[in-house]
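Visitor: Please find the sequence and the predicted model below.
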2 protein chains.
Amino acid sequence: MLDADFALFNVDQLVTVAPGCHPAARGDLGVIERGALAARDGTIVWVGPMEEFDRNVALAADALVVNTHGRTVLPGFVDPHTHLIFAGDRSGDFYARALGARYAEQLGSGGLMQTVDATRAASDDELLDLAYLRAETFLRYGTTTIEAKTGYGLTEADELRGLRVLTRLQHLSPLKIIPAFLGAHVVPAEFHGDARAYIEAVVSWLPAVRDHARFVDAWFDEGAFDVEDGRRVLSAARELGFELTAHANELGPHGGARAAAELQARSVDHVVYLDDADIEALRRNGTVAVLLPGTTFFLNHDTYAPARRLLDAGVRVALGTDFNPGTSYTQNMQFILTLAVLKLGMTPEEAIRAATVDAAAAVDLEDRVGSLAPGKSCNLAVFRLNHYRHIPYHYAMNTVETVVAGGQLVVDNGQIITQPLVTA
Amino acid sequence: MLDADFALFNVDQLVTVAPGCHPAARGDLGVIERGALAARDGTIVWVGPMEEFDRNVALAADALVVNTHGRTVLPGFVDPHTHLIFAGDRSGDFYARALGARYAEQLGSGGLMQTVDATRAASDDELLDLAYLRAETFLRYGTTTIEAKTGYGLTEADELRGLRVLTRLQHLSPLKIIPAFLGAHVVPAEFHGDARAYIEAVVSWLPAVRDHARFVDAWFDEGAFDVEDGRRVLSAARELGFELTAHANELGPHGGARAAAELQARSVDHVVYLDDADIEALRRNGTVAVLLPGTTFFLNHDTYAPARRLLDAGVRVALGTDFNPGTSYTQNMQFILTLAVLKLGMTPEEAIRAATVDAAAAVDLEDRVGSLAPGKSCNLAVFRLNHYRHIPYHYAMNTVETVVAGGQLVVDNGQIITQPLVTA
């Protein structure tokens, strides 16, 4: 018998996203119909069909037990690309793009540097407060793990401050956070467009970043850093033992995606414009393509990332929100699944894998999150739906009812639960 | 002094959508900064700035008082086009369209008649239960009034049953419901494609419909009813004193929109394909154009309704979800506002008017709902945002925190409140 302090029972569909976890788990998503799950100390110890529960699991007297009859349960979403740390208002940019300059004049439309100014001007506690509220919102929408980038500081002090805020937030919130250092986001005004000089400054900050982040990110694109500059910062980071990720090929064809893959970046993100050689470089290096269709939608562009070509070539594809104030103000991974079906041609099974286990691979946490199997963290979302296919179908909605992180209830009936801190 | 049993105070932005309601109400939306509102017996008695509250309003000892510091308050959304009464699962159609027939084969993709079969097979109580849960969801997303169509019964008994379920629902739910009879939705299988015979049957049911609905609807379109058939049912309805509405010109250019306007329909809905003469017919007859951009999005079509041409011509434009299982599975008017900005080129001010006061006009309830002014029903939504411009900007999210219907709290912190029935 396995001892447990947490259990779900009567799950209409337990979507484990771990096909080998139990003989009753079916299909690419490892779905167990009328399933159950048990955990102890924040780690899953057993999954299987209801009728096997009693002879496998011994519940502690004070165990938390949740009946999920009529419900679908998924691993908590892993959102592998968010810009969590920022202050200020960029709604003006949204209206400027959609409605033209005349409307925007009334609002101000300052672009990315407007966010940099507002973020630098905010106090540490203001940044922490904003990030904490956003973390609660991610949880309410079923996301239990996010990658969170800096990149609106763009000085050594402001970038390190962003990383410290993320560390403080991780102590306060049950949302699992993977910090990524994005000093190489854009060239700040102080460098008068001298990208080379700014990149050398970013490289010089890397030793101090090591205490706070495992990931280093850089934006290779038209209008952002060129291949040489991007390679410089990622190569230096690699030598220091960082994991690499990149924003690349969002706005046009570019050498960035291939260069990042050749440096064995764990992921390259956006990748709207890719040729066959780029795709082959991703495949060969085991680099995950993180697709961000919400950004394409919010920018009102027509060209979405070539998801089918990537999948058919055998590249691992993940999905994220790209939550940020300029180009994607959503935290709802359920809507990203809708866009994956409608705009990327992904099946609901492919989209759910991309938002869980493949997103976990993009942030190098596949051993702990993104699936529901013994040994994994007990992070899961309960949907008010009796089939996982209804998640993308109910568009622009939040059908999450209950969220569990580290084996503890963090959202119940759609509301955040205040409780002792989760540290699993 | 005005006696009141309900008040909001400290509202960052009280968006009255009633520009003449108070000298402090500014712009097309009649926004009162740092505002307050009072109501009695479900009807608003006063709106104005905080500093005028105390000398105008006397609160009853047991008054409900809500502090909305840091929040934006709007009239509850009016959704003028929903298909509330249905049973069964049509997610297969969504995947068939997006992913092709091969994927759909596994699921079944039965089109509208699949919903008709499932709805006919459901018991009255099943239909009521489904509709009640949907009513709760509308409230949680800030919608306090909906138009609700039949149209999945298509026999006299099944259509009247749908209307009776709507009447029962109105007795149970604080959501205000305007029933619309849509017998002329499509030709059911029993009529073997004989549209003329079916239309005569629908006309024969109209006297019995009068006890349950003020509105009669018909679908004029390519693949639906032709102009002659649509005109037949709407003319007969008009003679019996019904208000008219129509689905028209969704799938291609058609004479339906103009024919309905010429019969002085209160609204024509969808209207994606309109020529200048159609638009002039709408303007001349005071017919509201109800635009449903969620449907265009969910169908993955590229052509959206010509909102700017309609607005520039002086036609009144409303927005709705078209909530239905086949072509628009959302209940989130906030996302419809996002689509109105991105895809229809509407300003946030135009979009909010279209989702409140102009939608109220489409359902002939402008004297009671859709704005916050003395004499109107106290139906409002409180958003966790400090500016109304952030509502469309936070895309695919639900930023509603609190909802009041008929002066009573029905949603608090995102959750439905169980309480005595509201009948205002």
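Guide: Looks like it arrived, so ask away.
Visitor: For the stretch 251-400 of chain A, which residues are neighbours of chain B?
Guide: Contact residues (CB under 8 Å from any CB of the partner chain) of the stretch 251-400 of chain A with chain B: A:294, A:297-298, A:300, A:329-332, A:334-335, A:341-343, A:345, A:347-348, A:387, A:389-390, A:392-398. Where C-beta positions appear, they are placed from N, C-alpha and C, glycine not excepted.
Visitor: I'd like to know which of those residues are buried.
Guide: A:294, A:297-298, A:329-332, A:334-335, A:341-343, A:345, A:347-348, A:387, A:389-390, A:392-398 (16 or more other CB atoms under 10 Å in any protein chain shown).
Visitor: neighbouring contacts of the helix or strand hosting A:Val411?
Guide: In the assignment (DSSP states H and E), A:Val411 maps to strand A:408-412. Contacting residues not belonging to strand A:408-412 are listed as A:6, A:42, A:64, A:66, A:139-140, A:174, A:400-404, A:416-417, A:419-420, A:422 [CB atoms under 8 Å, 6 or more residues apart in numbering or on different chains].
Visitor: Weed out the non-buried ones from these.
Guide: A:6, A:42, A:64, A:66, A:139-140, A:174, A:400-404, A:416, A:422.
Visitor: Among these, name the ones in strands.
Guide: Cross-referencing the buried ones among the contacts of strand A:408-412 against strands under DSSP state E gives A:Phe6, A:Leu64, A:Val66, A:Val400, A:Glu401, A:Thr402, A:Val403, A:Val404, A:Ile416.
Visitor: Quickly list what A:Val66 is bridged to.
Guide: On the basis of DSSP bridges, A:Val66 is bridged to A:Leu8.
Visitor: May I have the residues that are in contact with it?
Guide: A:Ala7, A:Leu8, A:Phe9, A:Val382, A:Thr402, A:Val404, A:Leu409.
Visitor: likewise A:Phe383?
Guide: A:Arg71, A:Thr72, A:Val73, A:Leu74, A:Gly142, A:His390, A:Ile391, A:Thr399, A:Val400, A:Glu401.
Visitor: swap in A:Ile177?
Guide: Contacts of A:Ile177 by CB under 8 Å, 6+ apart are A:Leu84, A:Ala135, A:Thr145, A:Ile146, A:Glu147, A:Ala148, A:Leu166, A:Leu169, A:Gln170.
Visitor: Which secondary structure element is home to the last one?
Guide: Going back to what we said before, that points to A:Gln170. Since the elements are taken from DSSP H and E, A:Gln170 ends up inside helix A:156-172.
Visitor: What is that helix packed up against?
Guide: helix A:112-121, helix A:124-140, strand A:176-184, helix A:195-209 (3 or more CB pairs under 8 Å, 6 or more residues apart in numbering or on different chains; DSSP states H and E).
Visitor: which residues touch the second one?
Guide: Think helix A:124-140. The contact list for helix A:124-140 (CB under 8 Å, 6+ apart) reads A:79, A:82, A:84-87, A:119, A:122, A:144, A:146, A:148, A:161-162, A:164-166, A:168-169, A:172-175, A:177, A:323, A:331, A:398, A:400, A:403, A:405, A:410-411, A:414-416, B:397.
Visitor: Mind splitting chain A into its structural domains?
Guide: A:2-76+A:371-416, A:77-332 (automatic domain parsing).
Visitor: Just the pLDDT for the residue nearest the centre of chain A.
Guide: By CA atoms, centre = their mean, chain A has its centre lying nearest to A:Asp79, at 1.6 Å. With respect to pLDDT, A:Asp79 has a value of 98.
Visitor: my guess is it is in a strand, correct?
Guide: Yes. Counting by DSSP: H, G, I helix; E, B strand; the rest coil, A:Asp79 is part of a strand.
Visitor: close enough to count as contact, it and A:Thr143?
Guide: Yes. Counting by CB atoms under 8 Å, A:Asp79 touches A:Thr143, with 5.0 Å between them.
Visitor: who touches both of the two?
Guide: A:Gln331, A:Met333.
Visitor: So, low pLDDT: which residues of chain A?
Guide: Applying pLDDT under 70 to chain A flags residues A:101-109, A:419-424.
Visitor: how close does the residue sitting furthest away from the middle of chain A sit to A:Leu2?
Guide: Here the centre of chain A is the reference, and by CA atoms, centre = their mean the most remote residue is A:Arg55, at 37.1 Å. Distance from A:Arg55 to A:Leu2, counting by CB to CB, to the nearest Å: 10 Å.
Visitor: Repeat that for A:Arg308.
Guide: Distance from A:Arg308 to A:Leu2, by CB to CB: 42 Å.
Visitor: list the buried ones in stretch A:191-211?
Guide: A:Ala195, A:Tyr198, A:Ile199, A:Ala201, A:Val202, A:Val203, A:Trp205, A:Leu206, A:Val209.
Visitor: Same list, the residues you listed, but as TSV with distance to A:Val47 please.
Guide: Listed next are the buried residues of stretch A:191-211 as TSV, based on distance: CB to CB, whole Å:
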residue	distance to A:Val47
A:Ala195	50
A:Tyr198	49
A:Ile199	47
A:Ala201	49
A:Val202	44
A:Val203	45
A:Trp205	44
A:Leu206	41
A:Val209	38
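Visitor: what would these look like in JSON lines with distance to chain B?
Guide: Shown next, in JSON lines, are the buried residues of stretch A:191-211 (distance: CB to the nearest CB, whole Å):
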{"residue": "A:Ala195", "distance to chain B": "31"}
{"residue": "A:Tyr198", "distance to chain B": "30"}
{"residue": "A:Ile199", "distance to chain B": "32"}
{"residue": "A:Ala201", "distance to chain B": "33"}
{"residue": "A:Val202", "distance to chain B": "30"}
{"residue": "A:Val203", "distance to chain B": "36"}
{"residue": "A:Trp205", "distance to chain B": "32"}
{"residue": "A:Leu206", "distance to chain B": "35"}
{"residue": "A:Val209", "distance to chain B": "31"}
